[in-house]
Each structure stands twice: as C-alpha cells, then as structure tokens.
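Novice: need a 3D model of the sequence below.
(2 chains)
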Amino acid sequence: MKKSILKHGILSVSALVLAGSFVTAQAQELVVVSWGGAYSKSQQLAYHEPFMAENPGITIINDDSASEGVAKLRAQAEVGNVTWSLLDAIAADTITMCDEGLVEEVDIDEILNPAPDGTPASVDMGEFLTSDCHIPNIVYSTTWGYRTDMVPTPPTQISDVFDMDSFPGKRGMEKKPINNLEWALISDGVSPDDVYDVLDTPEGVAQAFAKLDTIKAETVWWTRGAQPPQMLADGEVVMSSAYNGRLFSAIEEEGQPIGMLWDWQVFDIDGWVIPKGAPHREQALALLRYASDTQRLADQAKYISYGPVRKSSAALVSTHATLGIEMAPHMPTDPANSKTTLLFNIEWWADNQDDLNEQFNSWLAQ
Amino acid sequence: MANSAVHPDQPLTTADGVPLKTALSRALRRDKMKSLALVAPLFIFLGLTFLVPIGDMLWRGVEDPIVSTYLPKTVEQLKQWDATSGELPDESTYEALVEDVKAGAPEKLITRVGKRLNYELPGMNSLFRKSQRRIPKFDEGPYKEAVIKVDKKWGQLETWQVIKTFSPNLTAGYFWAAIDLQVTPAGDLQLQDEKSRIYLKLFWRTLYLSGLITLMTLILGYPVAYLLATLPLKTSNLLLMLVLLPFWTSLLVRTTSWIAMLQREGVLNDIMVALNIIENENRLAMIHNATGTVVAMTHILLPFMILPLYSVMKTIPKSYMRAAVSLGAHPFSAFFKVYAPNTIPGIGAGGILVFILAIGYYITPALVGGTSGTFISNFIAYHVSVSLNWGLAAALGIILLGLVLVLYLLYDRIVGVDNMKLG
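Specialist: Residues are numbered from 1 along each chain as shown, chains lettered A, B, ... in the order given. Presented below is the predicted three-dimensional model:
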C-alpha cells in the first residue's frame, strides 16, 4: 500500500514537472532590464501589463539591474551568453555600448510607430535622439530632496548641499562621479556654462574632488534609484540627490516630509536599447513599438513625473492615475522647476566615464 | 621496511614462492586502487570546481592578448621602434595602425584595445573610440599627419609607449597594479601617483579588520563556549540552539537587521537618546563605516568561533580543574594554567576559521561598510562586475590567496596545524 502511494506520488510529480517544462517552452519570457522601484512600476502599469494582456503568450520578467547595465552586458557579451531582451539605459551609457558593438543600431522610423497625426517618430522625438542605438523614452532629472523637518530653513541653492554649517547632517549622493562633479564645480563658483571645459583639465577634476572632500565624511553613497527616498524617509540623511520621479513618489504618493531643491537639476534622457544577440528579438521589438507609442508614453506620466520624449505625448499628459493631481507642475521641465538646469553633456561623459569612475573609486577608498 | 632490514639476503616467500614483500605490496596496491576509486569522484569534483577555476584565474592575471590580437600589424611594426628614443614611430607604423583599425572597425573590436589600455593610461578609451569612428574613412596615405589630426594623443610618446609595453601576450602589469606599482616605458617599476595608490592600504585594512573581528569573536565566544561545555545538558542544549539559530538565518537578513539597529535613526541611537546618554544632534555614526563592518561581521562569524571551542572544551575532563583546585591552586590560576592551555587547539581552529572567512568576506562590508569599512574583496568584486578589469581582479585575488596561504604556514610554524581541532 505504502509503496503504491509512493509510486503514485512520483508519477504525479514527474507529470507536473513535465507539464511545467512544457508550459515554459510555450511561453516567451522577455527579460526586460530596468531601474526598479517606482520607475519599473510605472513601466509595468503603463505598458508591460497591457502588452501582456494583448499578447497572452509573452511574459515580461523585470530585472532591476539597469544601474549596472553596461558592465553586466559587457560581461554577457564577453562570455557569449546574452540573456536580456531589452535594457533601459541612459543616453551616455548608450553611446559607450553602441561604440563597443554591444547593442543594435536601429532605424527609429522603421521600428516605432509615427505620431497619431502621421509625424515620423524621429521628428516627434527630435533633439532627444542622441545615438544610433538609443530609443529614447523619458526626460528625467537628477535633483535634490531634503527632509523638511530636519533642516533649519529649506535649502534654496545647490551650494547649500556643501554648506555643512547652515545645513548640518548626512548627505546622500549617487556612487558615481556623474552629476556630483558638476554640482561640486558649480558650488565652487564655476560658471555652469564652463563646467565641462573645466572638467576637461586634470586641475578641474581635482577642484571638483576637493569640493566633494568637504562633505565626504558626511556622505552616504547610494547605488540604486530606490535608495535615496528610503534614506530620506528613514532620516538616515538630511538631504540626498535622487531622480525627480522617485522623490515625487515619496512626497505625493507616500506623503513623506520631503521637499525638493530644483536648483541646477541635471537633465538626462533615458530609453531602451536592444542588446546584440538578444533572445526573443521579435517579441522585444513588438514590445518596444507598443511601449514607445504616443499614448503609452503619455500613460507612463500618470504614474511617475518624468517627461515623455514625444512631442505628441505632451498634450496627452494629464493627471496622476490614483491621486488625481495635475502632473505638469511636477515635471522637471515645468518653468517653475527649471529656472536653472544643467544639460548633461552626454558626449563628454561617454568619452570620460571610465577614467572618472576609476578616479572616483580611488578617491572613495582613500 | 623493518622486515627487510632483519634478513636482507633471505627474503621471506609466500606458499607459491612469490616473495612476501611483492605479494604484500600487490595486495596493498589492490586495496589502494579500490580506495582511490572511491575518492575519485570527490577528487574530480574538486579538480573541476576548485583547481581549474583557480588555475584559470591565475592565468587571467598574467595573460594579455588584446593588444596583439586587435592591432597585429601595429605591434609588429612597433618591435623596431625604440620606446626610449624620444621620437615618434615612423610612417609605416601609422600605416599599420590604420590598417588594423580598418580591419577591426566593422565589428567594433578596436574599442576593446582602448578599454584594455585605459587601465594603464587614462584617455585611451576615448582615443580608440574616436579613432574607430574616424580612421576607417581614410582613403590613402601619408597617414601619420592625418592620424595625429584625429587626436593629438596619437602624436604623443606615451600613447605609443603604452601600446608597446602591453603588446606582449603575457604581462606582469596586473600584479604590479595590484600592489600600487606601475611600469615605466624604460621597464622600471615606480609607485603609482598618490591618488591611485589604494590597494596596499586596502590589503592592510582587510588584514587589520579581520584580525580585530577574530579577536572580538574570541572574546565574546570563549565564555559562551565555556558555558555550553560546562552547564547541565538541558540548559546547554537550549543555549546551543541560541547559538545556532542566527547561524541558520540568512546572511542578508542578519546584515540588514544590523542596519536597522545601528543607523542614525536606529534602535540603538534611539535608546541612547531616550536615556539621555547622547544628545539628539550627536547621534553616533555606527553604520556605513568600519565600526559597522566589525560589529556585523563579529556577529555573523561568532558561531564559527564558538563551535570549535565548544567541541574542544567538551573533551576536557572536569576532574582536571577539580584536581588543580584540590591541590591548592586558586580557581583563576587553575583556569589559566590548566584549563586555558587545553583549549588552545580550539582557539587555533576557531581563530583560523574566522580569520580566513573574514578576509574574503564581501557582502557584509559592501552593505554596512560605507567607504572606510570596505575590504579588498569589494574591490575584487568591483573589478569583476563593474569595471570588468578581470586581469586586475585575478591578480588581487591571487595575492589574497597567497596571503591566506602564508598566514596558514605561519600558523603552522607557531601553533602547529596538527594542534588544530575542528570537532
């Protein structure tokens, strides 16, 4: 009796295993790599879920490792086993990956739908097209958030970040030289127009690091976009750099006592790239076409305060999906927020990123 | 051996005339083969999963095929060029460079050379990326001037020197870099400039903090192990559970709970502020620095100290202490003169276990170490997964492996490995 139960059990288990492997062989699993947290959520709600509903055979697996995207893709290419179907990447990283042949060159008008009025996608996206490999998605900015209840007065300018006397307490900064060097120089009195000329010289880089030295001991370094809102909410830091959409989620959706310092926010462009040798390329292209159309990009702005790159989407941006508040005043491009903005020099960073990463890490370890 | 020494000229034989020695060794050989066959799976497994990867890593630390693979003609031409002559290479070298770049550009292979050389000389990455875009457009020579026009770095000696220095297929460069040295074009070694000298410091910090952690686990673990070994079975079993419970909890859970405990707005700071021990403005920074690393790792590695100590203490008869005391020794001196020396094998085993585990730890320092509490392993991980400088990662890893082996040998010399008791 006992034996037959055992036998029965083994049979049914192996039947289950077989059935399971059959199902996985049928469904197409797209590994889509993005930035996690509130941003991945906005993508999931705005286009992954509707896309999966329309294409029952396709499952989208979210991978949150976009912040190490370049390195991981390099490693995958090196060993010849690319597992990612789509990667979300910022413009400067895309130039690097494009030059190294890690990602596909694309013809925007061929792979994307035109705007509803027939304007080709390349015209609709215009200045946001920065590389042959990039399929831009959103404009975001890296800016500063602070705990309203932990500062004596709200900080009003970027140099307040470096003012430990007036604003004591820990700072949060991204563990990368990007943006931090620019802010250090501007706070040190360099004219924002000259920032990249100054950074082009070793003395300029030294000047930036010297300025960062003044707050190094009080800085907590973050590596993922979801960390700074958390560190602010925990009171672990008094102010922190963060992506503006993440701060929006923390302030408006979670009601955290956080304020935003928009002074010298740094604009950047984020979008998709197709890794060379990506699995399920056809399905990935279908998702790309769907996710980058005018309506879907506008939909995404319902969930997070990033600006869509299509001009045709701008008119469709309205209110937040659940809170019902107008999204426009929370966009980094809103006139009240963008009095002082730094246009991130994509080319310059693509050329110098590796060197400065190296220097930055040595500086951190000192 | 002893037998043959007794009757060297009259060997003993078995019933069928075979010398006893031969028959014995034959029988022994058969037994040996059998036991060898039994351990063979383990040996093959160890070889494939342990020795081969380590060998591969060793190899990666010295192999350097990129420059000669992607710039074959240039490397050939540079052989005739004297790097210390103070003059740029001739036109034929520039022509070879253009041919190499043209050959590699469609597949975008030339940027790999830039990436490799960028580890040695900043700026090489952008130079090769630019060259990959522009040089393939050249139709015909002379090339020298045209190439220098693409980027003035092509007209600088150090660019060519670094290409020549790293054109052989084997290099010691990664190892020099791993101990903060670099090779000059003339072939001499010199210290890297101060800003990039970090590895010796990190090796020292890793050793120092690991030593501190080992000491802390010993101080905290010794009394616990003593209690475990001496309390009545019922109580000591309960205590043992308390030791093992965290041992079975996920490493990440334990590490992140220390963040909740130690952070600025964390449990410990809150309690101290509530008790007026510290002021609200002067909350202690106990996490994201070396303190965080030492506290979290001491906790995580504690069972590795307690368990070997416990197993050794368990075997020390209670009568030893009683005898010492009854012979007139003060309990303290009885403990230090009789009991403690008997636990040395346990201290040795626990100490070396904790120290070697600590030296290679990287998740915990990465999460709670901030910048002052990171270990060399965090930089190895950084070079493996972020900068993808696998050669340097391999060199750092090999040095770390060598350090552990040296310390192990030292330990063997001083304490004796035979003296170590794991259970």
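Novice: CA atoms for contacts and neighbours, from now on please.
Specialist: Fine.
Novice: show me what from the stretch 201-350 of chain B comes close to chain A.
Specialist: Residues of the stretch 201-350 of chain B that fall close to chain A, judged by Cα under 8 Å from any Cα of the partner chain: B:202, B:263-265, B:288.
Novice: of all those, which two lie farthest apart?
Specialist: Distance extremes for those: the farthest pair is B:202 and B:265 at 29.5 Å, using Cα to Cα.
Novice: OK, contacts around the closest residue to residue A:265 other than its chain neighbours?
Specialist: For residue A:265, ignoring the flanking residues on the chain, the nearest one in space by Cα to Cα, 6 or more residues apart in numbering or on different chains is residue A:143 at 4.7 Å. Contacts for residue A:143 were tallied using Cα atoms under 8 Å, 6 or more residues apart in numbering or on different chains; they are A:241-244, A:260-266.
Novice: let me know the closest of these to residue B:283.
Specialist: residue A:241 (22.4 Å).
Novice: burial count for the nearest residue to the closest one once chain neighbours are set aside?
Specialist: Nearest residue to residue A:241, sequence neighbours excluded (Cα to Cα, 6+ apart): residue A:144, at 4.3 Å. Residues contacting residue A:144 under the criterion other Cα atoms under 10 Å in any protein chain shown number 26.
Novice: and the pLDDT for residue A:144?
Specialist: pLDDT, residue A:144: 95.
Novice: ditto for residue B:162
Specialist: Looking at residue B:162, its pLDDT reads 89.
Novice: and the nearest residue to residue A:212 once chain neighbours are set aside, which helix or strand is it part of?
Specialist: Leaving aside its sequence neighbours, residue A:212 sits nearest to residue A:184 (Cα to Cα, 6+ apart; 6.2 Å). Using DSSP states H and E, residue A:184 sits in helix A:180-187.
Novice: hmm, who's touching that helix?
Specialist: So helix A:180-187 is contacted by A:158-159, A:162, A:173-174, A:192, A:195-196, A:205, A:207-209, A:211-212, A:264 (Cα under 8 Å, 6+ apart).
Novice: residue A:342: which of those is nearest?
Specialist: Nearest to residue A:342 among the contacts of helix A:180-187 is residue A:264, at 5.7 Å by Cα to Cα.
Novice: my guess is residue A:95 contacts residue A:131, does it?
Specialist: Yes - when contacts are counted by Cα atoms under 8 Å, residue A:95 is listed as touching residue A:131 (6.1 Å).
Novice: can you tell if whichever strand or helix holds residue A:95 touches chain B?
Specialist: Following DSSP H and E, the helix or strand that holds residue A:95 is helix A:91-99. Yes - using Cα under 8 Å from any Cα, we find that helix A:91-99 touches chain B at residue A:99.
Novice: run through who's touching the helix or strand just after that helix.
Specialist: Counting by DSSP H and E, the element after helix A:91-99 in chain order, helix or strand, is helix A:108-111. Under the criterion Cα under 8 Å, 6+ apart, residues A:120-122, A:135, A:285, A:288-289 lie in contact with helix A:108-111.
Novice: counting contacts, what elements does the next helix or strand after helix A:108-111 pack onto?
Specialist: Under the assignment DSSP H and E, the closest C-terminal helix or strand after helix A:108-111 is helix A:121-125. Packing partners of helix A:121-125 (3 or more Cα pairs under 8 Å, 6 or more residues apart in numbering or on different chains; DSSP states H and E): helix A:108-111, helix A:311-314.
Novice: now helix A:121-125: average pLDDT?
Specialist: For helix A:121-125, mean pLDDT is 92.
Novice: which strands or helices does whichever strand or helix holds residue B:255 pack on?
Specialist: According to DSSP H and E, residue B:255 maps onto helix B:251-262. When contacts are defined as 3+ Cα pairs under 8 Å, 6+ apart, helix B:251-262 packs onto helix B:267-274, helix B:290-314, helix B:363-368.
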